[in-house]
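A.B. asks: Got a sequence here, can you model it:
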Amino acid sequence: MTAFMYLFFMCQGTDLPPYFVSLIQERTLFARDEPVIIRIRLGNQDDKDLKPKKFPDLIGGLEVTLDGAKLEIDPSVDHKGMFRNAISLAINAHRDFRVNLAKYFPDLRKGGEFEITYQDTFNQVKGHRFRVAPFDLPDLNQTYVVSTSMGDFSIKLNELEAPNHARNFAILAQLGFYKDMEVHRVVRKRVIQMGDPNGNGTGGSGFPLSLEVSPFLKHKKYAVGMARAEEPDSAQSQFYVCLQDLPELDQHYTVFGRVVTGEDVVEAIGNVGTSGPEGNPPDKPFEAIRLDHVRAE
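C.D. replies: Okay, here's the model as predicted:
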């Protein structure tokens, strides 16, 4: 038997499940009065249309836990009726169902750090850990003051174009996350960066959010953006301020605000001596610059 024939018979003998389910979480940090949104993607892998009566119980398949204890689904909410007006899924098509978890799991309103999984006959999926803060969403129209050992500068958030990042930043500030850190990265004439609890560019809040891009979100001088790893949807808490226009970053990183006062402080930080691009860690200021806190006012 040739290798081609062997592969052919192996593929013929491998049956895909009729559908797949995945969990999409654009945010993983919420205030207690917000909808806790997740998208559940249902995809048809069968060789015929998937009828609504064959759809799995997407809500019933969810398990949300707090410290290992399973949260109960509110019995008064008819989650099995979510497909009442659904149409069939064509072959190779998928559909996203936008779900407010707090509607079905009311104990989320008490706050905490939660785990989420989905399981049915064919699928077992683990989602990102998420957190619900024990307070209502802060006013996103406030000015956020960033206090450093070299002075203060203030930020206005862009709620309209980057709603998830604006909320994420405001909640982290209210939680006191941005406290007793360092401005850990300075690239002269490019950016100053902070918001890493490890102080070396490797850390974050632990609660990722998805990239938000818009033709109106530009890396202009004094724009504030959210840093991330190579994965586009890996931003957490590290943020940077542009020291000049950086259009090459547009559409790749999310701009969620701008500096409105304290530009002189930003410039002073941007001119300190650093370890340079070959340093370990790279571009770290020789003398520590404290990020004392971020507060709304």
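A.B. asks: in stretch 45-62, what's buried?
C.D. replies: When neighbours are counted by 16 or more other CB atoms under 10 Å, the buried residues of stretch 45-62 are found to be Gln45, Leu50, Phe55, Pro56, Leu58, Ile59, Gly61, Leu62. Every residue, glycine included, has its C-beta placed from N, CA and C.
A.B. asks: Just read off the phi/psi values of the closest residue to the last one other than its chain neighbours.
C.D. replies: So that's Leu62. Leaving out its chain neighbours, the residue that sits closest to Leu62 by CB to CB, 6 or more residues apart in numbering is Tyr118, at 5.5 Å. Comment: the main-chain dihedrals of Tyr118 come out as phi -130, psi 140, following degrees, to the nearest 10.
A.B. asks: Tell me who's in contact with Tyr118.
C.D. replies: Counting by CB atoms under 8 Å, 6 or more residues apart in numbering, Tyr118 makes contact with Val21, Leu23, Ile40, Leu58, Gly61, Leu62, Glu63, Gln124, Val125, Gly127.
A.B. asks: Arg41 now?
C.D. replies: Applying CB under 8 Å, 6+ apart, the residues contacting Arg41 are Phe20, Val21, Ser22, Leu23, Ile24, His94, Arg95, Asp96, Phe97.
A.B. asks: show me where pLDDT drops low in the stretch 51-200 of the chain?
C.D. replies: Scanning the stretch 51-200 of the chain with the threshold set as pLDDT under 70 gives no residue ranges.
A.B. asks: ok, Tyr253 - how many residues close by?
C.D. replies: 21 (other CB atoms under 10 Å).
A.B. asks: Revised request: answer the last question for Gly262.
C.D. replies: Taking other CB under 10 Å as the criterion, the count of residues near Gly262 is 21.
A.B. asks: where do the helices sit along the stretch 1-150 of the chain?
C.D. replies: Shown for the stretch 1-150 of the chain, the helices assigned by DSSP state H, counting those that start in this stretch span residues 3-12, 101-104.
A.B. asks: looking at these, which one has the lowest mean pLDDT?
C.D. replies: Considering these one by one, the lowest average pLDDT is found for helix 3-12, at a mean of 43.
A.B. asks: List of residues touching the lengthiest helix in the chain?
C.D. replies: With secondary structure taken from DSSP state H, the chain has its longest helix at helix 163-175. Contacts of helix 163-175 with the rest of the structure, by CB under 8 Å, 6+ apart, involve 26-27, 29-31, 34, 133, 135, 137-138, 140, 142, 144, 157-159, 178, 205, 207, 209-210, 212, 226, 235, 237, 239, 254, 256-257, 294-296.
A.B. asks: How about exporting that helix as PDB, limited to the C-alpha atoms?
C.D. replies: Output in PDB follows, covering the C-alpha atoms of helix 163-175 (Å, rounded to 0.1, in the frame of the first residue of the first chain):
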ATOM      1  CA  PRO A 163     -15.100  50.600  24.300                       C
ATOM      2  CA  ASN A 164     -13.600  47.300  25.600                       C
ATOM      3  CA  HIS A 165     -10.100  48.800  26.200                       C
ATOM      4  CA  ALA A 166     -11.500  51.900  27.900                       C
ATOM      5  CA  ARG A 167     -13.600  49.800  30.300                       C
ATOM      6  CA  ASN A 168     -10.700  47.500  30.900                       C
ATOM      7  CA  PHE A 169      -8.400  50.400  31.900                       C
ATOM      8  CA  ALA A 170     -11.000  52.100  34.100                       C
ATOM      9  CA  ILE A 171     -11.700  48.900  36.000                       C
ATOM     10  CA  LEU A 172      -8.000  48.100  36.500                       C
ATOM     11  CA  ALA A 173      -7.500  51.600  37.800                       C
ATOM     12  CA  GLN A 174     -10.500  51.300  40.200                       C
ATOM     13  CA  LEU A 175      -9.200  47.900  41.400                       C
END
